[in-house]
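A.B. asks: predicted structure and sequence below. I'll ask about it afterward.
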Amino acid sequence: MKTAPSESGSASHTNSHPEPETESETRSETKAASGRESHSASAAGLNFEVLPPEVQQFRNAAREFAHDVVKPRVLPMDQAPAEDFDWQLVSQGHQIGLTRAAVPKDYGGMGVGMLGVATALEEVAAVCPGTALIFGATMLGQAPVLLSGDPRLQARFLPLFSGDEPVLACNAVTEEDAGCDLIIPSQAQYARNVMTARRAGDHYVLTGRKRFITNAKIAAFASVFANMEGSPGATGLTSFIVPLDLPGVVRGPVADKMGYRACLGSELEFHDVRVPAEYMIGGEGEGMAINMAQSNMARAAVAGISTGVARSALERATAWCGERVQGGRHLRHQQFTAAKLAGMAAKVDAARLLYLRAADKVDNELPPPAYEPAVAKLFADRTAIEVADAALSLIGARGYLRSYGVEKTMRDALGTRIYEGTPEVLALAITDGLYAQEDEW
């Protein structure tokens with residue numbers, strides 16, 4: 001199995017993370033009850049100019065993978081039929097650890113924590129956010145097992161992501177009639193037509209359908225959330241890890257999406273699927289708490305993806321304005337253009353700092369906090385859209401061509417504000433945090 005390349009083997013490009021002059025001081029590593037390893041500094045000693053060496057090395061490997069492997073395939077993947085999937089690309093990402101970044105070393109993973117996941121996904125997303133989401137969705141599929149603190153489940157499933165061949169996972173929450181009602185506890189009672197689970201001896205029987213599930217078509221396992229039969233709405237939400245080769249599982253057609261076309265999204269149908277009782281995560285009715293915790297973990301990583309999208313737009317605009325001459329001088333020397341570029345750069349840097357703070361919090365607190373990841377994702381999602389729009393404006397007609405790539409960045413920018421929390425859902429999480437702080441005062 002290949003290891004991450006050294007610092008000297010990485011590529012550099014505009015507005016990437018600054019490279020440290022020296023290695024950071026050794027940071028203590030703590031292992032949370034979930035089995036996740038913490039590699040980031042405590043809040044009192046944050047220094048995002050100098051990332052922990054293992055995180056820095058993993059990020060650099062992801063950057064090299066993005067530029068050497070992903071970049072030549074970006075436009076072909078975007079323009080291919082919706083059901084096309086590049087397993088060779090995924091295999092090369094697996095070799096550097098992108099399918100097991102959050103898995104502890106004890107189970108064959110990289111053990112780089114959410115800080116490592118988020119920084120690596122920024123690098124990949126700066127080239128192709130759809131590719132980043134393949135690996136991000138796999139991490140999310142692993143999240144309930146990581147959070148469970150159940151050594152039996154962890155030993156059963158986590159080592160499978162460290163074999164010679166890539167194994168992908170997915171996280172099945174969203175349904176036709178239930179989206180936000182499955183992640184906001186106060187709305188659980190109003191959820192409609194939720195997938196059900198009922199106990200049948202030493203198994204649970206799952207019945208229902210999940211929609212808009214990234215990796216569903218090609219994943220080996222899914223973390224699935226179903227409501228215990230007889231519980232109102234989603235008040236009995238329970239989490240299971242489900243091998244997708246079980247009888248009764250049907251994978252639906254691939255959705256033809258506006259953006260993120262490198263990753264596949266589809267439905268999962270469960271027709272009286274019998275899942276061993278030992279595959280339940282937590283206990284009956286504990287799914288809402290698990291779902292909230294995994295969302296808080298994932299939002300830090302998705303903010304990294306959004307930051308990568310914004311960075312891609314900034315880099316293209318910066319290159320264009322440094323070459324294009326109008327009025328006898330380069331665009332970058334014209335005051336209005338300079339002001340626009342400066343505003344774009346400030347937003348990208350701010351988005352990065354917010355997701356780094358959020359990832360650090362996730363790595364050092366159990367359960368993962370809600371406030372910082374929600375703030376990071378809200379800002380980064382908005383930044384991706386605003387910076388992509390500004391880049392398209394600066395570049396002009398050339399940016400509107402599919403061959404140039406900026407219009408793809410614009411399409412991709414609109415996607416991140418939907419998954420793992422819309423702006424409206426994030427606003428509720430942030431507001432709850434504000435009033436919780438007020439109550440503490």
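C.D. replies: That came through, no problem.
A.B. asks: surely Val69 and Leu89 touch.
C.D. replies: Yes - between Val69 and Leu89 there is a contact at 6.2 Å, judged by C-beta atoms under 8 Å. The way it works is simple: take the backbone N, C-alpha and C, and place the C-beta from them, glycine included.
A.B. asks: so which elements touch the helix ranked longest in the chain?
C.D. replies: For the chain, the helix that runs over the most residues, judged by DSSP state H, is helix 287-323. Other elements packing on helix 287-323 under the criterion 3 or more C-beta pairs under 8 Å, 6 or more residues apart in numbering; DSSP states H and E are helix 113-125, helix 129-148, strand 221-228, strand 237-243, strand 329-330, helix 335-364, helix 371-395, helix 406-413.
A.B. asks: quick one: closest of those to Asp164.
C.D. replies: helix 129-148 (16.4 Å; C-beta to C-beta).
A.B. asks: contacts for the helix or strand just after that closest one, please.
C.D. replies: Remark: after helix 129-148, the chain's next helix or strand is helix 151-157, criterion DSSP states H and E. Helix 151-157 is touched from outside by 35, 104, 107, 142, 145-146, 148, 221, 241, 278-279, 281, with contacts defined as C-beta atoms under 8 Å, 6 or more residues apart in numbering.
A.B. asks: can I get the buried part of these as one PyMOL selection?
C.D. replies: Buried subset of these, written as a PyMOL selection, criterion 16 or more other C-beta atoms under 10 Å:
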select buried, resi 35+104+107+142+145+146+148+221+241+279+281
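A.B. asks: check the contacts of helix 151-157 against Met410 and report the nearest one.
C.D. replies: Closest approach to Met410 among those (C-beta to C-beta): Gln142, at 31.1 Å.
A.B. asks: circling back: could you export the helices and strands packed on helix 287-323 as CSV, including mean pLDDT and distance to Leu268?
C.D. replies: What follows is the helices and strands packed on helix 287-323, written out as CSV (pLDDT from 0 to 100; distance: least, C-beta to C-beta, whole Å):
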stretch, mean pLDDT, distance to Leu268
helix 113-125, 98, 24
helix 129-148, 97, 12
strand 221-228, 98, 6
strand 237-243, 98, 9
strand 329-330, 88, 52
helix 335-364, 96, 27
helix 371-395, 97, 25
helix 406-413, 95, 24
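A.B. asks: got a list of what the residue lying farthest from the centre of the chain touches?
C.D. replies: Within the chain, the residue lying farthest from the chain centre (C-alpha atoms, centre = their mean) is Gly328, at 44.2 Å. Listed by C-beta under 8 Å, 6+ apart, the contact set of Gly328 is empty.
A.B. asks: CA-only coordinates of stretch 181-197 in PDB, if you can.
C.D. replies: C-alpha atoms of stretch 181-197 as PDB (Å, rounded to 0.1, in the frame of the first residue of the first chain):
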ATOM      1  CA  ASP A 181     -37.400  16.700   9.800                       C
ATOM      2  CA  LEU A 182     -34.800  13.900  10.200                       C
ATOM      3  CA  ILE A 183     -32.000  16.200  11.400                       C
ATOM      4  CA  ILE A 184     -33.900  18.700  13.600                       C
ATOM      5  CA  PRO A 185     -35.100  17.000  16.800                       C
ATOM      6  CA  SER A 186     -38.000  19.500  17.400                       C
ATOM      7  CA  GLN A 187     -39.400  18.600  14.000                       C
ATOM      8  CA  ALA A 188     -39.100  14.800  14.300                       C
ATOM      9  CA  GLN A 189     -42.700  14.300  15.300                       C
ATOM     10  CA  TYR A 190     -43.800  15.900  12.000                       C
ATOM     11  CA  ALA A 191     -41.800  13.600   9.700                       C
ATOM     12  CA  ARG A 192     -44.000  11.800   7.100                       C
ATOM     13  CA  ASN A 193     -43.700   8.400   5.500                       C
ATOM     14  CA  VAL A 194     -40.400   7.600   7.100                       C
ATOM     15  CA  MET A 195     -38.600   4.300   6.400                       C
ATOM     16  CA  THR A 196     -39.400   1.800   9.100                       C
ATOM     17  CA  ALA A 197     -37.600  -0.800  11.200                       C
END
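A.B. asks: now the longest helix of the chain: buried residues?
C.D. replies: Neighbour counts over helix 287-323 (16+ other C-beta under 10 Å) mark 287-288, 290-318, 320-321 as buried.
A.B. asks: what do you get for stretch 328-339?
C.D. replies: Of the residues in stretch 328-339, those buried by neighbour count under the rule 16+ other C-beta under 10 Å are 331-332, 337.
A.B. asks: what's the answer for stretch 246-253, then?
C.D. replies: 249, 251-252.
A.B. asks: again, but for stretch 76-90
C.D. replies: By 16+ other C-beta under 10 Å, the buried positions in stretch 76-90 come out as 77-78, 85-86, 89-90.
A.B. asks: rebuild those as JSON lines, extending it with pLDDT.
C.D. replies: Below are the buried residues of stretch 76-90 laid out as JSON lines (pLDDT from 0 to 100):
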{"residue": "Met77", "pLDDT": "96"}
{"residue": "Asp78", "pLDDT": "95"}
{"residue": "Phe85", "pLDDT": "97"}
{"residue": "Asp86", "pLDDT": "97"}
{"residue": "Leu89", "pLDDT": "98"}
{"residue": "Val90", "pLDDT": "98"}
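A.B. asks: return the residues in contact with Leu426.
C.D. replies: For Leu426, the contacting residues are 299, 374-375, 377-378, by C-beta under 8 Å, 6+ apart.
A.B. asks: re the thing from before, mean confidence (pLDDT) on the longest helix of the chain, please.
C.D. replies: Mean pLDDT, helix 287-323: 96.
A.B. asks: identify those among the buried residues of stretch 246-253 that sit within strands.
C.D. replies: 249, 251-252 (DSSP state E).
A.B. asks: can you add distance to Ala391 and pLDDT and give these back as CSV?
C.D. replies: Listed next are those as CSV, based on distance: C-beta to C-beta, whole Å; pLDDT from 0 to 100:
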residue, distance to Ala391, pLDDT
Val249, 42, 98
Arg251, 37, 98
Gly252, 35, 96
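A.B. asks: closest one of these to Arg73?
C.D. replies: Scanning those for proximity to Arg73, where the rule is C-beta to C-beta, the winner is Arg251, at 24.0 Å.
A.B. asks: so Cys170 sits right up against Phe135, yeah?
C.D. replies: No - between Cys170 and Phe135 there is no contact under C-beta under 8 Å: 11.9 Å.
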